[in-house]
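Peer 1: Got a predicted structure here, sequence first:
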Amino acid sequence: MQLGNFSVSLAVKDLNASRDFYETLGFSVFGGDPAQNWLIMKNGDCTIGLFQGMFDKNILTFNPGWDTDTNKLDNFTDVRELQRQLKAKGVTLTTEADESTTGPASFVLVDPDGNPILVDQHV
């Protein structure tokens with residue numbers, strides 16, 4: 001099962017303080033909108049998202065259809081197909097993608113330790 005590009009979405013208390021901290025670790029701003037309280041930062045192939053006031057927990061994030069630089073891949077497994085495969089294996093989803101649609105969609109599941117996992121397709 002190919003879930004796509006991986007990143008960690010961090011729920012931060014102070015976007016500027018977190019940006020400064022991760023810049024000292026070699027990360028640089030790659031995208032986002034500080035006016036909307038979110039930034040995407042990269043260090044090589046490592047990607048983190050900083051999100052202030054958007055959610056309560058850190059989230060493991062997978063993006064089907066993207067490479068590590070958010071370039072669209074020609075071949076990838078659509079989020080709805082990933083959802084069908086997981087449901088067929090008995091995995092419970094907390095939110096689901098509408099399987100009658102195409103293009104961008106997402107679903108969420110939670111691991112046994114309560115960590116949310118977002119599978120978020122943008123293409």
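Peer 2: Cool, got the structure.

Peer 1: Could I get the full set of helices for the protein?
Peer 2: 15-24, 79-88 (DSSP state H).

Peer 1: any chance of the ones you listed in a markdown table, with distance to residue 114 and mean pLDDT too?
Peer 2: To be clear about C-beta, it is placed using only N, CA and C from the backbone, and glycine gets the same treatment. Formatted as a markdown table, the helices of the chain follow (distance: least, C-beta to C-beta, whole Å; pLDDT from 0 to 100):
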| stretch | distance to residue 114 | mean pLDDT |
| --- | --- | --- |
| helix 15-24 | 22 | 98 |
| helix 79-88 | 18 | 98 |
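
Peer 1: For this structure, give me the ranges with low pLDDT.
Peer 2: The model of the chain has no residue with pLDDT under 70.

Peer 1: Could you say which of the helices of the chain is packed most deeply?
Peer 2: helix 79-88 (a mean of 17; mean count of other C-beta atoms under 10 Å).

Peer 1: just checking, what packs against that helix?
Peer 2: strand 93-95, strand 105-110, strand 116-121 (3 or more C-beta pairs under 8 Å, 6 or more residues apart in numbering; DSSP states H and E).

Peer 1: Just want the angle from that helix to strand 105-110.
Peer 2: Helix 79-88 runs at 30 degrees relative to strand 105-110, counting by axes from the mean of the first three to the mean of the last three C-alpha atoms, to 10 degrees.

Peer 1: ok, residues contacting helix 79-88?
Peer 2: Residues from elsewhere that reach helix 79-88, judged by C-beta atoms under 8 Å, 6 or more residues apart in numbering: 1, 3, 64, 93, 96-97, 99, 101, 105-107, 109, 119-121.

Peer 1: thinking again about what came up before, switch the helices of the chain over to CSV; also include distance to residue 46.
Peer 2: Formatted as CSV, those follow (distance: least, C-beta to C-beta, whole Å):
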stretch, distance to residue 46
helix 15-24, 10
helix 79-88, 23
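
Peer 1: Sounds good, over and out.
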